[in-house]
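A.B. asks: quick one, fold the following:
(2 chains)
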2 protein chains.
Amino acid sequence: MYNKGAKHERELLEMFWKEGFAVVRSAGSGKTRHPNPDLVVSNGKRFYAIECKSSKMEVIVIPGWQVEELEKFSRIFGAEAVLAIRFNHSQWRFLRPEQMERTGGGNFKTTRTHSEANGALFEETAGKWKQERLA
Amino acid sequence: MYNKGAKHERELLEMFWKEGFAVVRSAGSGKTRHPNPDLVVSNGKRFYAIECKSSKMEVIVIPGWQVEELEKFSRIFGAEAVLAIRFNHSQWRFLRPEQMERTGGGNFKTTRTHSEANGALFEETAGKWKQERLA
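C.D. replies: Predicted structure coming up:
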């Protein structure tokens, strides 16, 4: 249905490097002993801990525990928790956990339509600090 | 002679988590397309990009390019570049690149004796921020 997709993680890694961020892609995946986001990204001004999800379908569901772990990691590390969402033939969308929809079972959900309406584009996510410097 | 040792990286990862840091261990190793430190570690106050080196011998040599990449990553990310050195039957020692010895060929070097005389202990490295909070 959907997977973490190392290929998509690497795609995003390249995009952030090109925009002047340093990126580390984590070893291991899935449920590890400690919270373990897919990517940790920073340019010394913005720090993002990122969980990547891609899908060929129209909906992505993320287990509640995985979002909790992302938030825990981010709180300790000093980063913003971000869900990077990639539907086939669509651009990456970046959502904070509170921007996701909830399911009855305590999981997090977004659709192609919902992510396009609520998620930031890559340019906004990577470009924020430039805007701040200009301001 | 010596290796990066995923086992040693995981040991250090556990130590930092126990001291209240969040840690990400990087996927891949050796020469990658982008700078790729073994561990990136933060508690929201201290940010460390760490290259781990362990040895059963009495000397560890780190190629110049690898230290340069560590420093590049650290500069962009907003972290302190740290070489984590582990000789058999000795504790971890933490050295900044400028604390290492140099070889004629532009590489970086430390011995058991040199690392014990010049490197910080784990407690000092992880404990710095506590001291700052108390100060």
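A.B. asks: please make it C-alpha for all contacts and neighbour counts, starting now.
C.D. replies: Noted.
A.B. asks: which helix or strand contains residue A:83?
C.D. replies: Element membership for residue A:83, per DSSP states H and E: strand A:80-87.
A.B. asks: and if you look at residue A:90?
C.D. replies: Using DSSP H and E, residue A:90 sits within no helix or strand.
A.B. asks: ok, it to chain B distance?
C.D. replies: 26 Å (Cα to the nearest Cα, to the nearest Å).
A.B. asks: okay, that residue: pLDDT?
C.D. replies: Predicted confidence (pLDDT) for residue A:90: 95.
A.B. asks: same thing with the one 5 residues further on?
C.D. replies: The predicted structure scores residue A:95 at 98 on the pLDDT scale.
A.B. asks: would you list the phi and psi of it?
C.D. replies: phi -120, psi 140 (degrees, to the nearest 10).
A.B. asks: right, and the helix or strand after the lowest-mean-pLDDT helix or strand in chain A?
C.D. replies: Least confident helix or strand, chain A: strand A:2-3 with a mean of 42, by mean pLDDT, DSSP states H and E. Next along the chain after strand A:2-3, taking DSSP H and E as the criterion, comes helix A:6-18.
A.B. asks: now that next one against strand A:80-87, angle please.
C.D. replies: Counting by axes from the mean of the first three to the mean of the last three Cα atoms, to 10 degrees, helix A:6-18 lies at 120 degrees to strand A:80-87.
A.B. asks: show me which residues of chain A sit near chain B.
C.D. replies: Taking Cα under 8 Å from any Cα of the partner chain as the contact definition, chain A meets chain B at A:20-28, A:36-37, A:40-45, A:73, A:75-79.
A.B. asks: drop anything exposed from those residues.
C.D. replies: For the residues of chain A next to chain B, a burial check counting by 16 or more other Cα atoms under 10 Å in any protein chain shown picks out A:21-27, A:36-37, A:40-43, A:73, A:75-79.
A.B. asks: out of those, which are inside helices?
C.D. replies: Cross-referencing those against helices under DSSP state H gives A:73, A:75-77.
A.B. asks: including pLDDT, could those go into a markdown table?
C.D. replies: Below are those laid out as a markdown table (pLDDT from 0 to 100):
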| residue | pLDDT |
| --- | --- |
| A:73 | 98 |
| A:75 | 98 |
| A:76 | 98 |
| A:77 | 98 |
